[in-house]
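Let me see the structure of the following:
(one chain, ligands or ions: 1)
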Amino acid sequence: TAAPVITIDGPSGTGKGTIASQVALALGWHLLDSGALYRGLAVAALEAGVALDDGAALAALAGRCQLHFVSGQLHLNGRELGDQIRTEQVGLAASQLAQQPQVRAALLDWQRAAAQPPGLVADGRDMGSTVFPTALVKLYLDASAEERAQRRYKQLRDKGLDANLANLVEALRVRDAHDRERLHSPLTIPADAVVFDTTTASIAEVFAQVMVVIRRTL
Ligand code: C5P
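Okay, here's the model as predicted:
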């Protein structure tokens, strides 16, 4: 990839999506929310009745789906998906199909093509480890499981979506296990990543710390 890339990986509820979009805005770079791609494909699979463990059928589905962002909003075959993809139900479905190597392969070129000048900020689970191994700056955001569930709860409620804290704690636990224990591109800390524990930090504090690391390198 010709354009410089900054990767931000970590489990859900660490604020990496918010930080990634703030960094992209501050630098004037492109933004890739890779989780949204897996979520969009999960919506397509649920609608088409494709089994979430059928790698070949899912890859074929990915091949005939049009997934693209229009001013930050994911569109599936020309239709804006909106907050429908943000539910924990869709997140769980995404983490199931994300275990299939054919699915990950089908989305790889798409993700790499997002590295366009002047640069790209990419957030997800395997941005630094697999998709952009030569990224200029690799960041990894973490936080305690309780705090992450609390944040997801607040996020969903703020969007007006249904949320139950006990259910969320359980759903996050299952999704974390899927993401960390899968065979292909599991969630890991890239060897050359700078790690931030955001458990007790505000978004503004994390953003400031992250920008120090980025400015040091750029
Ligand atoms: O980041 P987000 O919570 O939107 O991602 C939803 C799911 O998509 C994750 O739980 C994970 O299983 C999958 N995913 C992935 N690789 C990425 C981004 C997301 O496997 N790079």
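
what about the longest helix anywhere in the chain, distance to the chain center?
Criterion DSSP state H: the longest helix present in the chain is helix 165-181. Here helix 165-181 is found 15 Å from its chain centre; the criterion is CA atoms, centre = their mean, to the nearest Å.

Give me the buried stretch members for the helix or strand just after that helix, please.
Downstream of helix 165-181, the next assigned helix or strand under DSSP states H and E is strand 194-197. Residues of strand 194-197 classed as buried by neighbour count (16 or more other CB atoms under 10 Å): 194, 196. In short, each C-beta sits where N, CA and C put it, glycine included.

and strand 194-197, which strands flank it?
If you go by DSSP bridges, strand 194-197 pairs up with strand 137-142 (parallel).

Any chance you could list what contacts the next helix or strand after the partner strand?
Once the chain leaves strand 137-142, the next helix or strand it forms, by DSSP H and E, is helix 145-158. Identification of contacts with helix 145-158 by CB atoms under 8 Å, 6 or more residues apart in numbering yields 11-15, 86-88, 143, 162-163, 165, 168-169, 172-173, 176, 199.

Are we agreed that Thr7 is in a strand?
Yes - residue state for Thr7 (DSSP: H, G, I helix; E, B strand; the rest coil) corresponds to a strand.

So which residues on this structure come close to the ligand?
12, 34-35, 38-39, 91, 94-95, 98, 124-127, 175, 178-179 (CB under 6 Å from any ligand atom).

ok, now with 8 Å
Listed as neighbours of the ligand in the chain under the rule CB under 8 Å from any ligand atom: 9, 11-12, 16-17, 33-39, 42, 85-86, 91-92, 94-96, 98-99, 104, 111, 123-127, 131, 175-176, 178-179, 182, 185, 187.

Return the subset of the residues you listed lying in strands.
9, 33, 123-124 (DSSP state E).

on that earlier part again, and the contacts of helix 145-158, which are buried?
The buried subset of the contacts of helix 145-158 (16+ other CB under 10 Å) comprises 11-15, 86-88, 143, 163, 168-169, 172, 176.

Would you check which pair of those lies furthest apart?
Spanning the widest gap among the buried ones among the contacts of helix 145-158 are Thr87 and Ala143, at 20.8 Å by CB to CB.
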